[in-house]
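**Student:** Okay, sequence plus prediction incoming.
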Amino acid sequence: VSASHLGARLAPTLARLSRPAVGGRGILHVTLAGVLLVLGIGIALLRTVPPAQDAEIARVLPADAVRWLDANEPGTRLFNRYEWGGYIGQHRPDQPIFMDGRADVYGDELLKMYVGIIGLHGDPQEAFDRYAIDYAVFPPDTPLAGWFDASTGWERVYGDSTASVWVRR
């Protein structure tokens, strides 16, 4: 550690901290460990209160977009992000979803097609026409979102930092 200038400056402190604590330093270390323990427990508990859980869910899942869907019913045939299918299906059980995390149920061909759509390998509109997709819920910062925004056949009707909704014009 002491080969660098910073290492040379920190070496005495690191050596002192690595020795067993005795006397007053032992009490200090135990107190510091206790404070860190209480702080860690407090942070963990704060993350489990409903507002913190709601904020985390909304950060990674389309919670606000699903509420918007409930209020607006933009269509019947949905194209969704793979990772969001279970969440959308749970909150909108009567809503057929395009795909969810059960890849074994859908088979390799549909999964390959999905990857092609989101990767813009070919024209996504062909798949949307084939499956009569009339709206989509997808992250706003993806290549497919850019495709939707540039398409004259789709209109963004909802958006937040996690998810956007496009409807077929």
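**Tutor:** Done, it's in.
**Student:** For Ile41, see how far away the most centrally placed residue in the chain is.
**Tutor:** Centroid check for the chain by CA atoms, centre = their mean gives Val60 as the closest residue, at 2.8 Å. Taking CB to CB, to the nearest Å as the criterion, Val60 is separated from Ile41 by 24 Å. Placement of C-beta: from N, CA and C, glycine included.
**Student:** Tell me how far Gly26 lies from Asp160.
**Tutor:** Distance from Gly26 to Asp160, by CB to CB: 52 Å.
**Student:** more crowded one of these two?
**Tutor:** For Gly26 versus Asp160, neighbours defined as other CB atoms under 10 Å are more numerous around Asp160 (14 against 11).
**Student:** Identify the spatial nearest neighbour of that one, chain neighbours not counted.
**Tutor:** Once flanking residues are discounted, Asp160 sits nearest to Asp64: 5.2 Å by CB to CB, 6 or more residues apart in numbering.
**Student:** Which of the three states applies to that neighbour?
**Tutor:** Following DSSP: H, G, I helix; E, B strand; the rest coil, the label given to Asp64 is helix.
**Student:** Identify the residues contacting it.
**Tutor:** Ala58, Asp160, Thr162, Ala163 (CB atoms under 8 Å, 6 or more residues apart in numbering).
**Student:** Where does pLDDT dip in the chain?
**Tutor:** Scanning the chain for pLDDT under 70 picks out 1-2, 20-25, 47.
**Student:** Helices of that one, residue ranges please.
**Tutor:** In the chain, the helices defined using DSSP state H lie at 5-18, 24-46, 50-60, 63-72, 85-91, 103-106, 108-118, 124-130, 143-150.
**Student:** and those helices as CSV, adding distance to Leu78?
**Tutor:** Below are those laid out as CSV (distance: least, CB to CB, whole Å):
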stretch, distance to Leu78
helix 5-18, 55
helix 24-46, 35
helix 50-60, 19
helix 63-72, 9
helix 85-91, 7
helix 103-106, 15
helix 108-118, 13
helix 124-130, 11
helix 143-150, 13
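**Student:** who wins for proximity to Arg169 among those?
**Tutor:** Arg169 lies closest to helix 143-150 among the helices of the chain, at 11.0 Å (CB to CB).
**Student:** Tell me the buried residues in the closest one?
**Tutor:** For helix 143-150, the buried set under the neighbour-count rule, 16 or more other CB atoms under 10 Å, comprises Leu144, Ala145, Trp147, Phe148.
**Student:** any idea how far the last one is from Phe128?
**Tutor:** So the one you mean is Phe148. 10 Å.
**Student:** Which residues are in contact with each of the two?
**Tutor:** The contact lists of Phe148 and Phe128 share Ala136, where a contact means CB under 8 Å, 6+ apart.
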